[in-house]
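K.L.:
Using only what follows, build the 3D model:
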Amino acid sequence: MDWNCIQSLIIRTSELWNSPIEVANFDGTIVACSNLDRKGISRKEIAQLEADEQIVTIDTTNFLPLYLEKEPVGWLCWKGDKKLIESALLKIAIEETIAMDKTRMERYSKTKEEEILIRGLLDSQAALNEKKLAMAAMELGYDLSLPRAIIVVYLEPKENAYFNINLQLGYDIVREQMKEDVKKQIRNNIHITTQDFISFYNDSILIIGKAFLNTEELHLIYQALDVICSNIFEQIKDNRIFSSQLSYGSIASDISGIRKSYLEAINIMSISEYYGKNGGFVKGDEILMESLVNELPGRFIGRHLEPLYQKLVNSGDAFVQIMDTVETYIDNNMNIKLTSEKLYMHRNTVAKHIEKVESITGVKLDKGFNNIFIIKMLLVYFRRKSMKQEGKQNVY
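P.N.:
As a prediction, this is how the structure comes out:
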């Protein structure tokens, strides 16, 4: 037991009482005292005492038993008058302080154990330590046999006046407290259960291992994840210190799948940021084409996309706006009227832009899905090449 938490309380009370005060553990060793020179000394008379909630007086010294969770843990000792009311209040204050410190240490211990568990689950060798990890999770109350998806919450410090002020006033302390506040907010979210582990993986990434009941209808779980992540983002988006971004990976059915789910979530956010779509809750469906381009085989890029890209570049700067028009056209089901409304552009202008791209590339958008797919991939590929030319790196 850590008795240091009551040391300052003992000193302040001693000054008010104008008398020496000591606290000894149940073995009689002084563990906190107003005269620090006496710390560690043994009070042999305590061995003769019996804890019964009553003040015992030996010579001029009073002894009052201290309890933690109804178990005797030590004695409050002072000289002079019994001070019944004051000593009872001091006894309560000491017991409450010890109980709060014990709770704090237990929470800290569990937090560290959760961090260790998550690091183990996300390690590349997790599958080799499956039994050990399952046992560690069980000790913390988590059943890893449940289907589970990893939600990644990325917290980035904001550059604003509040940030700069706290930077001068011990910002690191403020930041750490705010990180814990974000974690507490998420833990109290209506969708989070006792089976969901939550812990920081590093300084910026908070991991949520969201568990679900076993079901064969996985589409329902993914629908639920969309709702849960949207709700969490709404809950934390107005934080004064951090801007937040989050995503989730696939449902994991075993321990090795948990790492894959984490990597998928990270990949989704990385691709989203790379293509300039970062911010908030990032759904994998919203960057489907960008993800496909990142995974396309080199032969497809070399045979189809790169030659078309060169044709666009050689056509001059005007193709940038034209490509935006065509992308909006494709994203709106090849509907010219809807495209013109979205872009506040005359439908004849939209039609001319489409014709221009078809003329440059030689790919007709009304000749089947393959052509539409190639042009859509070309648009994404163009943005990817532009990012590289600007020196932007894919964080994944």
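
K.L.:
show me the contacts for Ile268.
P.N.:
The neighbourhood of Ile268, defined by CB atoms under 8 Å, 6 or more residues apart in numbering, consists of Ser247, Gly249, Val282, Lys283, Gly284, Ile287, Ser291. C-beta: built from backbone N, CA, C; applies to glycine.

K.L.:
SS state for Glu216?
P.N.:
Under the three-state scheme (DSSP: H, G, I helix; E, B strand; the rest coil), Glu216 adopts coil.

K.L.:
Give me the contact list for the strand or helix carrying Thr13.
P.N.:
Element membership of Thr13, judged by DSSP states H and E, is helix 7-17. Contacts to helix 7-17, defined as CB under 8 Å, 6+ apart, come from residues 20-23, 32-34, 78, 80, 83, 86, 90, 93-94, 97.

K.L.:
The same query, at a cut-off of 6 Å, please.
P.N.:
Here helix 7-17 makes contact (CB atoms under 6 Å, 6 or more residues apart in numbering) with Ile21, Ala32, Ser34, Leu90.

K.L.:
do stretch 237-247 as well
P.N.:
Residues outside stretch 237-247 that contact it (CB under 6 Å, 6+ apart): 152-156, 158, 162, 178, 229, 233, 236, 265, 268-269, 281-282.

K.L.:
Quick one: buried ones out of those residues?
P.N.:
152-155, 178, 229, 233, 236, 265, 268-269, 281-282 (16 or more other CB atoms under 10 Å).

K.L.:
how close does the residue located most distally from the centre of the chain get to Ser19?
P.N.:
The centre of the chain is farthest from one residue, Asp59, which by CA atoms, centre = their mean lies 58.4 Å away. For Asp59, the distance to Ser19 equals 14 Å [CB to CB, to the nearest Å].

K.L.:
try Ala211
P.N.:
Taking CB to CB as the measure, Ala211 and Ser19 are separated by 56 Å.

K.L.:
okay, those two: which has more neighbours?
P.N.:
Using other CB atoms under 10 Å as the criterion, Ala211 and Ser19 rank with Ala211 on top: 20 against 16.

K.L.:
which stretches of the stretch 151-300 of the chain form strands?
P.N.:
Counting by DSSP state E, counting those that start in this stretch, the stretch 151-300 of the chain has strands at residues 197-200, 205-211, 242-248, 280-281.

K.L.:
Go through the contacts of stretch 237-247 and flag the one the model is least confident about.
P.N.:
Minimum pLDDT for the contacts of stretch 237-247 is recorded at Tyr162 (50).

K.L.:
re earlier: tell me which of the strands of the stretch 151-300 of the chain sits nearest to Ala351.
P.N.:
In terms of CB to CB, the element of the strands of the stretch 151-300 of the chain nearest to Ala351 is strand 280-281, at 34.4 Å.

K.L.:
who does that closest one pair up with?
P.N.:
Paired strands of strand 280-281, with direction, are strand 242-248 (parallel) (DSSP bridges).

K.L.:
Run the angle between the partner strand and strand 205-211 for me.
P.N.:
For strand 242-248 against strand 205-211, the angle between stretch directions is 40 degrees (axes from the mean of the first three to the mean of the last three CA atoms, to 10 degrees).
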